[in-house]
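Asks: requesting a structural model of the entry that follows:
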Amino acid sequence: MHKAQYMKQIGNTIKELRLKKGMTQKQLAAAVKVSSAKICAIEKALTPITAATILKLSAALKVSPGKFLFEEWDEYTPAKTAWKIRELNEELKELDQKIYSLRLKIIELYEQLHQVPKI
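Replies: Alright, predicted model coming up:
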């Protein structure tokens, strides 16, 4: 996804969440301590958004900052987080095993390459 697409996605998400909370741009701007013109520009993807602003918006809208960055992001719950950690740990174990196998193969190939004929 290109930068412009991310900005548009973030802007759309902010607008959607703002409307869902029944807030105007002016109310959200006051909560985040920026101008309502800035909120309008962010929602329309006309201006870049900083990480600091994302954090302020997430606090004002009472959502995880990840909600702005990933379409499939669900609200934070400990159970979902624990499940995701277990899933990532399993993937990490599989990758570690692949790395170990590749290291053994490298050693084997190195030994073959540097094998000295016996007399």
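
Asks: every contact and neighbour count from this point should use C-alpha atoms.
Replies: Will do.

Asks: buried set for the lowest-mean-pLDDT helix or strand in the chain?
Replies: Least confident helix or strand of the chain, by mean pLDDT, DSSP states H and E, is helix 66-69 with a mean of 75. For helix 66-69, the neighbour count (16 or more other CA atoms under 10 Å) marks 66-68 as buried.

Asks: count the neighbours of residue 64 for me.
Replies: By the measure other CA atoms under 10 Å, the count of residues near residue 64 is 17.

Asks: my read: it touches residue 58, true?
Replies: Yes - contact criterion CA atoms under 8 Å: residue 64 and residue 58 qualify, at 5.8 Å.

Asks: output the below-cut-off pLDDT ranges for the protein.
Replies: 1, 70-84, 116-119 (pLDDT under 70).

Asks: save the buried residues of helix 66-69 as JSON lines, and put in distance to residue 18 too.
Replies: Converted to JSON lines, the buried residues of helix 66-69 look like this (distance: CA to CA, whole Å):
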{"residue": "66", "distance to residue 18": "16"}
{"residue": "67", "distance to residue 18": "13"}
{"residue": "68", "distance to residue 18": "12"}
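
Asks: strands of this structure, start to end?
Replies: Counting by DSSP state E, no segments of the chain form strands.

Asks: quick one, domains of it?
Replies: 3-69, 77-119 (automatic domain parsing).

Asks: which of the ones you listed is buried the deepest?
Replies: domain 3-69 (a mean of 16; mean count of other CA atoms under 10 Å).

Asks: show me the helices in the protein, by range?
Replies: Assigned by DSSP state H, the helices in the chain fall at 3-20, 25-32, 36-43, 51-61, 66-69, 78-113.

Asks: how close does residue 26 sit to residue 32?
Replies: Going from residue 26 to residue 32 by CA to CA, to the nearest Å gives 10 Å.
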